[in-house]
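[1] Pasted the sequence and its predicted model underneath.
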Amino acid sequence: TGTSRPQRMLKAVQKNATKGDPQSVISAIDYYCRHKEWAMNVGDDKGLILDSVLMEVNPSTVLELGTYCGYSTVRIARLMSPGSKLITVEFNPAFAEVARQIIAYAGLQDKVTLVEGSSGDLIPKMKERFGIKYFDFVFLDHWKDSYAPDTKLLEDCGLLKKGTVLLADNVICPGAPEYLKYVRNSPRYESRYYKSNLEYTKAEDGLEKSVFLG
Ligand SMILES: Oc1cc(-c2ccc(F)cc2)cc2nccnc12
Ligand SMILES: [Mg+2]
């Protein structure tokens, strides 16, 4: 059997990045995935949009749904202010194991809590387990069919407040049609599409930014 794609990505980080330097971790992953082996990180094109929306919000609390190898976790956490917290949820234990090591290599482990499990099970436990009142920013990057139900669950659990920003990856490719319909038609959201490319390719993809209106 040998190594997995996430394990090979981790090796590339350990070989080419500088410990404690998040930007070098991001660059090492982007180089590896563009020139050696594609992987489903948000990537550098959409990553620049993620960076700018994140900086605009300057959140104290962030929820990421779908950690994978921790690329977007590092992109987000590197821009967060001291004392702010990022909770990232990953269903796949093998992905979570690699992500922990990549997040630690970047030196961002103190800002990040990685939780293994299903978002549907964990969202209702956020308040009691992590003392979270509200999330200021939510990055949706997990299973596309879960985007809409998890958004409704976040509303029902009182985890969104007026001004909370949801940013969803892959709304074109692989696509999240039910989610787009929901946030674009709901009077409780102000939505906008940021056109970009599927990571490391020329195919179209984009991010949907939706502001919760309360
Ligand atoms: O950014 C992504 C891209 C893809 C993906 C896979 C295969 C393709 F051909 C195209 C796109 C899947 C994803 N699943 C979960 C979270 N993010 C994903
Ligand atoms: Mg994605």
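    Nice, thanks for sending it over. Ligands and ions are numbered 1, 2, ... in the order given.

[2] which parts of the protein sit against ligand 1?
    Met40, Gly66, Asp141, His142, Asp169, Asn170, Cys173, Pro174, Leu198, Glu199 (CB under 6 Å from any ligand atom). C-beta: built from backbone N, CA, C; applies to glycine.

[3] how about the residues of the protein near ligand 2?
    Asp141, Asp169, Asn170 (CB under 5 Å from the ion).

[4] mind running it again at 8 Å?
    Within reach of ligand 2 by CB under 8 Å from the ion, the chain has these residues: Met40, Asn41, Val42, Lys46, Gly66, Tyr68, Ser72, Asp141, Asp169, Asn170, Glu199.

[5] could you dump those to TSV with distance to Lys133 and secondary structure?
    Formatted as TSV, those follow (distance: CB to CB, whole Å; DSSP: H, G, I helix; E, B strand; the rest coil):
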residue	distance to Lys133	secondary structure
Met40	32	coil
Asn41	30	coil
Val42	27	coil
Lys46	29	helix
Gly66	23	coil
Tyr68	27	coil
Ser72	24	helix
Asp141	23	coil
Asp169	25	coil
Asn170	29	coil
Glu199	33	coil
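
[6] Of those, which is the most crowded?
    Highest neighbour count within the residues of the chain next to ligand 2: Asp169, with 30 neighbours (other CB atoms under 10 Å).

[7] Closest residue of the protein to ligand 1?
    Nearest residue of the chain to ligand 1 (CB to the nearest ligand atom) works out as Met40 at 3.8 Å.

[8] who's in contact with that residue?
    Tyr68, Glu199 (CB atoms under 8 Å, 6 or more residues apart in numbering).

[9] Next one: it relative to Val74, how far apart?
    For Met40, the distance to Val74 (CB to CB, to the nearest Å) stands at 15 Å.

[10] With Lys85 instead?
    15 Å.

[11] swap in Val183?
    For Val183, the distance to Val74 - CB to CB - is 26 Å.

[12] okay, these two: which has more neighbours?
    Val74 (26 against 23).

[13] Which residue comes closest to that one once chain neighbours are left out?
    Ala106 (4.7 Å; CB to CB, 6 or more residues apart in numbering).

[14] now do Gly206
    Nearest to Gly206 is Lys195, by CB to CB, 6+ apart, at 4.7 Å.

[15] can you tell me which residues contact the residue of the chain found nearest ligand 2?
    Minimum separation of the chain from ligand 2 (CB to the ion) falls at Asp169, amounting to 3.7 Å. With contact set as CB under 8 Å, 6+ apart, Asp169 has these partners: Val42, Lys46, Gly66, Ser72, Phe139, Leu140, Asp141, Asp205, Leu207.

[16] hmm, 7 Å instead?
    Residues in contact with Asp169 (CB atoms under 7 Å, 6 or more residues apart in numbering) are Val42, Lys46, Leu140, Asp141, Leu207.
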